[in-house]
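**Student:** coords below, sequence missing:
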């Protein structure tokens, strides 16, 4: 089993207390208008790396979710199709399509961020994402683990491109997506 930072290993439920995570937690709760703009350089890094990863989106999406569950096994309880399943998580027939969909949506949103000036997930999809995350009890710490897993997945997918600047670019894009989802985290009306 891969070694993860100590803060990412508390899994029942996911309560993360490190100073770094508290900063991430604050950033994840900021509204999109509070963020500095997504720069041209950040956009170029995200676009270039997504272009390299896109052809393997299905496998990378699954790796991304398996990494989340490796770091925080209790996160499986957030997914109804995994909650009562007797099938090993990596063999669950519903996980791969879900993981691929989430990975692609996250990456496509990042690619469009600068051009659109905001997160570009359809409003109806964003409302649905917010409602589902609310219903399933998703909290800040879940987003932090997911961000860590996303960045690790990208780093492993494009190691020759990976840099602190790329990490920051993908992290910023993810934070903005999370902020948009959180604005819609309320009971369905």
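**Tutor:** Perfect, thanks for sending it. Keep in mind that this is a model prediction, so the values were computed, not measured.

**Student:** and the longest helix for this structure?
**Tutor:** Ranked by residue count and defined by DSSP state H, the top helix of the chain is helix 95-116.

**Student:** Quickly note the distance from the residue nearest to residue 173 when sequence neighbours are not counted to residue 128.
**Tutor:** Once flanking residues are discounted, residue 173 sits nearest to residue 110: 3.4 Å by Cβ to Cβ, 6 or more residues apart in numbering. Yep, even glycine has a C-beta here, placed from its N, CA and C like the rest. Separation of residue 110 from residue 128 (Cβ to Cβ, to the nearest Å) stands at 20 Å.

**Student:** So which of those two has more stuff around it?
**Tutor:** The neighbour count for residue 110 versus residue 128, taken as other Cβ atoms under 10 Å, is higher for residue 110 (28 against 14).

**Student:** any low-confidence regions in the protein?
**Tutor:** 1-36, 116-118, 120-126, 188-189 (pLDDT under 70).

**Student:** rerun that using 50 as the cut-off
**Tutor:** For the chain, applying pLDDT under 50 flags the ranges 1, 6-35.

**Student:** can you give me the strands for it?
**Tutor:** Read by DSSP state E, the chain holds no strands at all.

**Student:** Helices of that one, residue ranges please.
**Tutor:** 19-29, 40-53, 57-71, 80-83, 95-116, 123-135, 140-157, 164-183.

**Student:** what's the offset of the fifth one from the middle of its chain?
**Tutor:** How far helix 95-116 lies from its chain's middle: 9 Å, per Cα atoms, centre = their mean, to the nearest Å.

**Student:** Enumerate the positions of it that are buried.
**Tutor:** Across helix 95-116, burial judged by 16 or more other Cβ atoms under 10 Å covers 95-96, 98-100, 102-107, 109-114.
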